[in-house]
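1. Task: produce atomic coordinates for the following.
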Amino acid sequence: MCATRLPLPAIPTYRGQVQDADFEKLVKLAHSGGIVVLSGAGLSTESGIPDYRGPTGRLHPATPMTFQEFTGSPAARQRYWARSHRGWQRIQHARPNAGHQAVARLQRAGLLSGVITQNVDGLHQAGGAREVIELHGGLDRVICLSCRTLSDRDELDERLSAANPRARDVQSTGPVKPDGDVELAEPEIAEFRLVDCLDCGAGPLKPDVVFFGENVPPERVARCYALVESSRLLLVLGSSLTVASGFRFVRRAAARGIPVAIVNQGVTRGDPLADVLLDRPLGELLPALAAAAIEG
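-> Numbering: from 1, shown residues only. Okay, here's the model as predicted:
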């Protein structure tokens, strides 16, 4: 039977463990193993990286750049890289939080069969998780749109810094976004100089992430479907599931009779398909889940 998301009372604790019926149901499911985690931006908010949508599920006012805009306009690429170059330091220096570390602990205990993340910040891996499928790619890599060569983001960062020695001194006008973007004044954007691919010398460079309006590579989607279909539990962490690229895995699990548990602050698109719903801070709940599931 599908669960109904209701406001839950404050979490009572017993010996450091979260105690309520939904949590106990999740512990029982998790203790059997075979868990596939599907994580979203809400898992990284406690590391200082905001999500696109707040607890209401509504998109924040500043929407991300689309693939069509990026590839179709040199001015759009200049704007993107000027802002992303400034914001990269925040992403680069972000640290995994207790939620990321708890996921890695579940994996080390043999309870996870896989991790799929919609995030591009690399914090799962920094927190100790291995063989993470980055559904939307990673900001730590850059791809040339002409020759398709992959390169390291830190290398590009050094080249952009050399071409724009004043860029680091420019103050942004807002917080960093999940894709590493920050707001800059138009004069600073207009002065920003781009650099070309070192291999072909021509192609525009793009972070190796799936932009809005761009398709996730089909082979990556197939790997995720296979992982979900072989699981005993799909555990959604910090995602509103508004975007179809993540929601389809919830639909696939539900269609196959695989239990779905959603831990998220606020409503999600997948709520009607979920067997367990918990509206909790992930940095608080996941360590308790890991301890309870591992210790039995």
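2. okay, stretch 260-277 in PDB with CA atoms only?
-> Extracted C-alpha coordinates of stretch 260-277, given in PDB (Å, rounded to 0.1, in the frame of the first residue of the first chain):
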ATOM      1  CA  VAL A 260      10.400   2.600  -2.500                       C
ATOM      2  CA  ALA A 261      11.400   4.700   0.500                       C
ATOM      3  CA  ILE A 262      11.700   8.500   0.300                       C
ATOM      4  CA  VAL A 263      13.500  10.600   2.800                       C
ATOM      5  CA  ASN A 264      13.100  14.300   1.800                       C
ATOM      6  CA  GLN A 265      12.200  17.600   3.400                       C
ATOM      7  CA  GLY A 266       9.000  18.500   1.600                       C
ATOM      8  CA  VAL A 267       6.700  16.800  -0.800                       C
ATOM      9  CA  THR A 268       8.000  14.900  -3.900                       C
ATOM     10  CA  ARG A 269       6.600  13.700  -7.100                       C
ATOM     11  CA  GLY A 270       7.100  10.100  -6.100                       C
ATOM     12  CA  ASP A 271       5.100  10.300  -2.800                       C
ATOM     13  CA  PRO A 272       2.100   8.400  -4.200                       C
ATOM     14  CA  LEU A 273       4.400   5.500  -5.200                       C
ATOM     15  CA  ALA A 274       6.300   5.300  -2.000                       C
ATOM     16  CA  ASP A 275       5.900   2.600   0.700                       C
ATOM     17  CA  VAL A 276       7.800   4.700   3.300                       C
ATOM     18  CA  LEU A 277       7.900   8.500   3.600                       C
END
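3. ok but Trp81 is inside a helix, no?
-> Yes: according to DSSP: H, G, I helix; E, B strand; the rest coil, Trp81 belongs to a helix.
4. Got the domain ranges for this protein?
-> Using automatic domain parsing, the domains assigned to the chain come out as 14-49+96-136+215-296, 59-93+138-209.
5. Out of these, which gets the lowest mean score?
-> For the domains of the chain, mean pLDDT drops lowest on domain 59-93+138-209, to a mean of 86.
6. Could you say which of the domains of the chain is packed most deeply?
-> domain 14-49+96-136+215-296 (a mean of 20; mean count of other Cβ atoms under 10 Å). Where C-beta positions appear, they are placed from N, C-alpha and C, glycine not excepted.
7. and that domain, how far out from the chain's middle?
-> 11 Å (Cα atoms, centre = their mean, to the nearest Å).
8. list the contacts for the residue nearest to the spatial centre of the chain?
-> The centroid of the chain falls nearest to Asn119 when counting by Cα atoms, centre = their mean (1.7 Å). Applying Cβ atoms under 8 Å, 6 or more residues apart in numbering to Asn119 gives the contacts 39-41, 43-44, 134, 136, 178.
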